[in-house]
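Undergrad: generate a structure from the sequence data that follows.
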Amino acid sequence: MGFKIMNAQTIAEKILSRHSGKNLRAGDFAVCKVDFTFGQDGTSSIIIDRIKEMGVNKLKTDFCMVIDHSAPSPSEGVSGVHKKMRNFSQSFGTYLFDIGCGVCHQIIPESGKVLPGDLVLGADSHTCTYGALGAFSTGVGSTDLAITLSTGKNWFKVPATIKIIVKGKLPKGIFAKDIILQIIGSLKSDGATYKAVEFSGPVIDNMGMDGRFTIANMLVEMGAKAGFLPVDKNTLAWLKPKIGKKKLIKDIAPDKGASYERVYEFDVSKLAPQVSLPHSVDNTQSVASLKKVKINEAFLGTCTNARIDDFVAAAKVLKKRKIAPDVKLIIAPSSRSIYLEALKLGLVEIFIKAGAVIVAPGCGPCVGTHNGVPADGEAVISTANRNFKGRMGNPSAFIYLASPATVAASALKGYISDPRTYF
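TA: Sure, this is the predicted structure:
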């Protein structure tokens, strides 16, 4: 950007400084150039309307749209929105991920459109997912996004940063979802409001990218503005086949002596499988502390946990076994490529033989648009990131959140169950 960063900075301070051309500290305000933006079919209609109202003829930042929240369309009205998105994409020459491509927070990283050090705005609250790649990524409203499209910039207040160190030896049958549920249960839903969160420690260093995406995805559930996991050999190996010859910023790391608002340490050596109880993500307990909670539906999918590592864990539990006769097990891969890989690995066959129903890659069951809306009074255990009333389409249902392994074990037993006996 033609300037030199002075003094020790956190990752958030560093990225926003580069995109504003100024040396910024926590609490500063700045207008920053945005690298990448996107909308999905629940938010893009308003984006399109605002662009037309402002008379914008050319977009000033890289933009794509994803049809994932209701894909394929479950209604005439939604079909109209999808048509509107396709027409806009053709008119402005933007990229559109159509039905069957998958969930925005999986297919956008897969496409190589987001790089370490990027500044990303998405019209979706879980845009923080791309912090797994070292990007400052955050969700905004549709009108804010339209303004960014018209100017190429937006304003930011530089967030203070919380550092979270995860240490210990991860027990068998315990996964990234259990770790982040424990952290959210400890810090609570407002524990990181408008803060950036940096993760470090040996458990994170040894974690694969699928687990890192899970952790980054759920940071907004404790109020975070953005979050960052290490940009290391794991990150670069994951990115390399997706970005071709694009150049990467190498120093996506905090400076020594950077200032943190708080530092937390979590030792996961004795961590048990975690479950979020209705109707709040931070209402967490261990599986062992729950009495037999009967379930009617189990859902394995979403932008949080529908990747290959998640499917491998669930398949280990379900292989050569049958789900309980009164349980519906619905599985939605996070992308077409994940679906194909699961087919190649024989995971889909394991799921179907166990009694699962595989639906198209997308968000439908998670947001309650189709493909698994529960009935009144039914209990669902899900790998999703939210369990608020009505989240899956019925405010009279009860949603529990857990890891893919716990969801699979619960589908077998018919009640919320500990998966560790399968590992």
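Undergrad: tell me where the stretch 151-300 of the chain has strands.
TA: 153-157, 161-167, 196-200, 226-228, 262-267, 274-276, 284-286, 297-300 (DSSP state E, counting those that start in this stretch).
Undergrad: just give the nearest non-adjacent residue to residue 303, would you?
TA: Ranked by CB to CB, 6 or more residues apart in numbering and with sequence neighbours excluded, the top spatial neighbour of residue 303 is residue 105, at 3.8 Å. Glycine gets a C-beta too; all of them are placed from N, C-alpha and C.
Undergrad: in which helix or strand would I find that neighbour?
TA: In this assignment (DSSP states H and E), residue 105 forms part of helix 104-110.
Undergrad: what comes up buried for that helix?
TA: For helix 104-110, burial by neighbour count (16 or more other CB atoms under 10 Å) applies to 104, 105, 106, 107, 108, 109, 110.
Undergrad: returning to what we had before: which residues sit in contact with the residue nearest to residue 303?
TA: Contacts for residue 105 were tallied using CB atoms under 8 Å, 6 or more residues apart in numbering; they are 124, 126, 127, 129, 130, 213, 217, 303, 334.
Undergrad: tell me which of these is nearest to residue 263?
TA: Among those, residue 217 lies closest to residue 263 (CB to CB), at 22.5 Å.
Undergrad: so which of the contacts of residue 105 is surrounded by the most neighbours?
TA: In terms of neighbours by other CB atoms under 10 Å, those top out with residue 129 at 33 neighbours.
Undergrad: how about that residue, what does it touch?
TA: By CB under 8 Å, 6+ apart, the residues touching residue 129 are 105, 109, 137, 213, 216, 217, 303.
Undergrad: repeat that with 7 Å
TA: Neighbouring residues of residue 129 by CB atoms under 7 Å, 6 or more residues apart in numbering: 105, 213, 216, 217, 303.
Undergrad: what's the burial count for residue 375?
TA: Using other CB under 10 Å, residue 375 is surrounded by 10 other residues.
Undergrad: who's in contact with it?
TA: Residue 375 makes contacts with residue 394, as judged by CB under 7 Å, 6+ apart.
Undergrad: so residue 160 makes contact with residue 193?
TA: No - with contact defined as CB atoms under 7 Å, residue 160 does not reach residue 193; the gap is 10.5 Å.
Undergrad: among these two, which residue is more densely surrounded?
TA: residue 160 (20 against 12).
Undergrad: return the distance of the helix holding residue 105 from the chain's centre.
TA: Offset of helix 104-110 from its chain centre (CA atoms, centre = their mean, to the nearest Å): 9 Å.
Undergrad: could you do stretch 268-277 as well?
TA: Relative to its chain's centre, stretch 268-277 lies at 20 Å (CA atoms, centre = their mean).
Undergrad: how long is that stretch end to end?
TA: 21 Å (CA to CA, to the nearest Å).
Undergrad: other residues contacting it?
TA: Applying CB under 7 Å, 6+ apart, the set of residues contacting stretch 268-277 is 166, 168-171, 173-174, 178-179, 181-182, 203, 283-288, 290, 387, 400-403, 406, 416, 418-420.
Undergrad: again, but for stretch 147-161
TA: Contact with stretch 147-161 is made by 10, 12-13, 16, 24-34, 37, 51, 54, 56, 59-61, 63, 121, 144, 194-196, 198, 225-226, 260-261, as judged by CB under 7 Å, 6+ apart.
Undergrad: just the residues you listed: which are in helices?
TA: The members of the contacts of stretch 147-161 that map onto helices under DSSP state H are 12, 13, 16, 51, 144.
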